[in-house]
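Visitor: next one to model:
(one chain, ligands or ions: 2)
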Amino acid sequence: MPETIRWGILATGGIAVTFTKDLLVDPKTRGVDKVVHTVTAAASSSGASRAKSFLEEVGAPSDAKGYGSYEELAKDPNVDIIYVSTPHSHHYQNAMLCLEAGKNVLVEKAFTVNAPQARKLAEKAKEKNLFLMEAVWTRYFPLSIYVRELITSGKLGNVTKVSVDNSVDFNPYEKFADGKHRLVNPDLAGGALLDLGIYSLTWVFQTLYHTQPAGDRKPPKVLSSIRKYEPTGVDETTTMLLTFPRTTGGDAHGIAMTSVALSADVDGKGSAGPAIRIQGKKGELQVLGPVSRPTQTRLILKDGVEDKTWPFPGPGAGSGWKNGFGDSLNAEGEGHGMFWEADEAAIALIEGRKESRFEDLEESIVIMEVMDEVRRQNGFTLPEKIETTRYPVDL
Ligand SMILES: NC(=O)C1=CN([C@@H]2O[C@H](COP(=O)(O)OP(=O)(O)OC[C@H]3O[C@@H](n4cnc5c(N)ncnc54)[C@H](OP(=O)(O)O)[C@@H]3O)[C@@H](O)[C@H]2O)C=CC1
Ligand SMILES: O=C1OC[C@@H](O)[C@H](O)[C@H]1O
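Guide: Ligands and ions are numbered 1, 2, ... in the order given. Modelled structure (predicted):
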């Protein structure tokens, strides 16, 4: 019999709607029979009525509770795990609130504003014997599992170069000119690096770091450059060169690029070529489609090419996700793909694991350290009240 995991949703913005609709799809539709997800509560800082309308919108059970504060949700005894979907600036305070209250937590990307905050959360989870995971949904796609397994199988040879460009033109100079939107607002930890660069780093890490034996994963050296979004001082375009030291086979290079004002897919049809290229001595794997939600792979070996498509099973959120040109990137009713990360979190609870199999807390912390170093090299600071590890702080 599948076990039921009871979710609480902390914040009711855009991604919370998509995540929760995906979450409530029967896991059997994607071949998962160990777990059933239910939503027992949601909380909105805008008030209980927003929490209730959110629960209705996502199709939660009619007895799910709608709270007007995050504190009430954290205390709810009928919640096993809380999904934190506030802006990056708030992740540390909100996740700490939940851990202190004894709740397991799944925190949206980017995990925190900086590595010291990530370390504190990991320590608190350990102290309280709770599950904690960064919600980088892309890592949990069957496509990502295939890529990692292909690399560890040795089919590409020693993989020593990976380049990734997660650049999406949000037209921020016109659309976000007042500086309030979370993508450009320093008070909400805006900027390309934390919002989109995390995906470029995810690809570099899941191919060049996670595929190494656990004892042989070494943090990379970092060289980087930032072009600022002058109206607010956050990063508009960031380029990173990461050198991963290896005990055998020599160093590996990861090139991670990101921008909120340029597009890596100018015509929205993939004509610009693959945004992800994974290169080894024996071959290259290209990953095509949006970097956060890719749909195709192309394996190029000396003796031929193998193309694969990776459909997103339905039903699901089908959120009408659009590229910069307004073209829909997912079909109505299709799964958005957020259920796979939810399955991993729920199955970990059932199995008594405290961390994700595909990205443990140590890896999330090393990635945060890379982002800290990129910001340090380029003089990109954020307000003290969101960089601090003090808790509680009223944001
Ligand atoms: N995995 C993915 O594909 C995606 C992930 N994300 C991540 O999800 C998180 C939220 O993004 P998104 O849903 O797009 O953001 P939204 O702005 O749509 O929603 C954020 C929600 O956070 C709550 N909130 C609390 N305090 C504040 C504040 N001071 N300012 C703004 N909102 C606040 C609000 O909910 P309430 O009023 O109910 O409390 C708000 O609706 C980010 O970490 C982002 O990186 C975003 C998009 C896609
Ligand atoms: O996580 C994300 O992926 C999709 C983007 O559109 C969004 O800004 C980002 O937060």
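Visitor: for ligand 2, what's the nearest residue on the stretch 1-150 of the chain?
Guide: Closest to ligand 2 within the stretch 1-150 of the chain is K109: 6.2 Å, counting by C-beta to the nearest ligand atom. C-betas here are computed from N, CA, C, even on glycine.
Visitor: ok now do that residue, which residues does it touch?
Guide: For K109, the contact set (C-beta atoms under 8 Å, 6 or more residues apart in numbering) comprises E134, A135, V136, I198, Y199.
Visitor: which ones among the residues you listed are found in strands?
Guide: Cross-referencing the contacts of K109 against strands under DSSP state E gives E134, A135.
Visitor: in JSON lines: the contacts of K109, plus pLDDT, distance to M1 and neighbour count.
Guide: Below are those laid out as JSON lines (pLDDT from 0 to 100; distance: C-beta to C-beta, whole Å; neighbours: other C-beta atoms under 10 Å):
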{"residue": "E134", "pLDDT": "98", "distance to M1": "30", "neighbour count": "29"}
{"residue": "A135", "pLDDT": "98", "distance to M1": "27", "neighbour count": "25"}
{"residue": "V136", "pLDDT": "98", "distance to M1": "30", "neighbour count": "26"}
{"residue": "I198", "pLDDT": "98", "distance to M1": "37", "neighbour count": "27"}
{"residue": "Y199", "pLDDT": "98", "distance to M1": "37", "neighbour count": "28"}
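Visitor: I386: which of the contacts of K109 is nearest?
Guide: I198 (16.4 Å; C-beta to C-beta).
Visitor: hmm, V113 and that closest one touching each other?
Guide: No: counting by C-beta atoms under 8 Å, I198 stays clear of V113, with 12.0 Å between them.
Visitor: would you mind listing what in the stretch 201-350 of the chain touches ligand 1?
Guide: Selection of the stretch 201-350 of the chain residues close to ligand 1 by C-beta under 6 Å from any ligand atom yields S292.
Visitor: if you could redo that for the stretch 1-150 of the chain, that was the one I meant.
Guide: Counting by C-beta under 6 Å from any ligand atom, the stretch 1-150 of the chain sits next to ligand 1 at 11-16, 44-46, 50, 85-88, 90, 108-109, 137.
Visitor: let's see that with 5 Å instead.
Guide: A11, T12, G13, G14, I15, S44, S45, S46, S85, T86, E108, W137 (C-beta under 5 Å from any ligand atom).
Visitor: and the two most separated of those?
Guide: Checking those with C-beta to C-beta, the most distant pair is S46 and W137, at 24.8 Å.
Visitor: more neighbours: these two, which one.
Guide: Taking other C-beta atoms under 10 Å, S46 and W137 do not tie; W137 has more neighbours (25 against 13).
Visitor: residues near the closest residue in space to that one that isn't next to it in sequence, how many?
Guide: Spatial nearest neighbour of W137, excluding adjacent residues (C-beta to C-beta, 6 or more residues apart in numbering): E341 at 4.5 Å. With neighbours defined by other C-beta under 10 Å, the count for E341 comes to 26.
Visitor: secondary structure element holding E341?
Guide: Per DSSP states H and E, E341 falls inside helix 339-351.
Visitor: before we move on, what about E355?
Guide: Using DSSP H and E, E355 is not contained in any helix or strand.
Visitor: so who does it touch?
Guide: E355 touches F131, L132, M133, A348, L361, counting by C-beta under 8 Å, 6+ apart.
Visitor: farthest pair within those?
Guide: Largest pairwise distance in those, by C-beta to C-beta, is 12.2 Å, between A348 and L361.
Visitor: and for the two, which residues touch both?
Guide: M133, E355.
Visitor: per-residue confidence at the closest residue in space to H336 that isn't next to it in sequence?
Guide: Using C-beta to C-beta, 6+ apart and skipping the chain neighbours, the partner closest in space to H336 is A317 (4.1 Å). Predicted confidence (pLDDT) for A317: 83.
Visitor: how near is K161 to V204?
Guide: Separation of K161 from V204 (C-beta to C-beta, to the nearest Å) stands at 10 Å.
Visitor: can you list residues touching both of the two?
Guide: Contact criterion C-beta under 8 Å, 6+ apart; residues bridging K161 and V204 by contacting each: G254, I255.
Visitor: which one of the two has more residues nearby?
Guide: Higher neighbour count among K161 and V204: V204, with 26 against 15, using other C-beta under 10 Å.
Visitor: tell me the contacts of the residue nearest to H336?
Guide: By C-beta under 8 Å, 6+ apart, the contact list for A317 reads V17, T18, F19, K21, D22, G335, H336, M338.
Visitor: buried residues in the helix or strand harbouring the second one?
Guide: The reference is to T18. Taking DSSP H and E as the definition, T18 sits inside helix 14-23. Burial within helix 14-23, assessed by neighbour count using 16 or more other C-beta atoms under 10 Å, is assigned to I15, A16, V17, T18, F19, T20, K21, D22, L23.
Visitor: quick one: those as JSON lines, columns for pLDDT too.
Guide: Formatted as JSON lines, the buried residues of helix 14-23 follow (pLDDT from 0 to 100):
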{"residue": "I15", "pLDDT": "95"}
{"residue": "A16", "pLDDT": "97"}
{"residue": "V17", "pLDDT": "94"}
{"residue": "T18", "pLDDT": "93"}
{"residue": "F19", "pLDDT": "96"}
{"residue": "T20", "pLDDT": "97"}
{"residue": "K21", "pLDDT": "94"}
{"residue": "D22", "pLDDT": "95"}
{"residue": "L23", "pLDDT": "97"}
